[in-house]
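*Asks:* Here is my input; please provide its structure:
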Amino acid sequence: ATVNGQYAGMASGSTMLHPHSTGKWLYVDELDVTVNYRRQGVGTALMDFLEAHAKSLGCYELALGADTPNIGANKLYESRGPSEIEPANWYCYKLDD
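*Replies:* From the prediction side, this is the model:
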């Protein structure tokens with residue numbers, strides 16, 4: 001995303017077949033807004049784009065996660081009226097020898 005020619009944010013994701021249904025869904029891997037453009041509608045615009053793109057691909061669902069301490073992101077996602085908010089754990093494994 002750009003605002004007046006300046007980089008303001010990005011989103012990435014993948015469509016997948018759900019293991020428990022026959023439909024496709026869009027998993028949003030990352031949505032990030034640069035510090036200077038937060039709380040100015042960039043995240044909302046990115047989410048609008050992702051939802052429209054998912055619908056155009058025939059997806060029945062869009063899903064993403066956010067770290068609990070990321071209050072701004074969680075407020076944005078909750079304001080959009082999700083059909084479900086699931087508790088989750090995040091596991092990271094260092095792959096150094």
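
*Asks:* CA only for contacts and neighbour counts going forward, please
*Replies:* Noted.

*Asks:* ok, and the closest non-adjacent residue to the residue most central in space within the chain?
*Replies:* In the chain, the residue lying closest to the centroid (Cα atoms, centre = their mean) is Val28, at 4.1 Å. Computed as Cα to Cα, 6 or more residues apart in numbering, the closest residue to Val28 that is not its neighbour in sequence is Gly13, at 4.1 Å.

*Asks:* where in this structure is pLDDT low?
*Replies:* Applying pLDDT under 70 to the chain flags no residue at all.

*Asks:* which stretches of it form helices?
*Replies:* Secondary structure of the chain (DSSP state H): helices located at 42-56, 71-79.

*Asks:* JSON lines for those, including distance to Tyr7 and mean neighbour count?
*Replies:* Below are the helices of the chain laid out as JSON lines (distance: least, Cα to Cα, whole Å; neighbours: other Cα atoms under 10 Å):
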{"stretch": "helix 42-56", "distance to Tyr7": "11", "mean neighbour count": "16"}
{"stretch": "helix 71-79", "distance to Tyr7": "19", "mean neighbour count": "14"}
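
*Asks:* mind putting those in JSON lines, distance to Leu62 included?
*Replies:* Below are the helices of the chain laid out as JSON lines (distance: least, Cα to Cα, whole Å):
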{"stretch": "helix 42-56", "distance to Leu62": "7"}
{"stretch": "helix 71-79", "distance to Leu62": "11"}
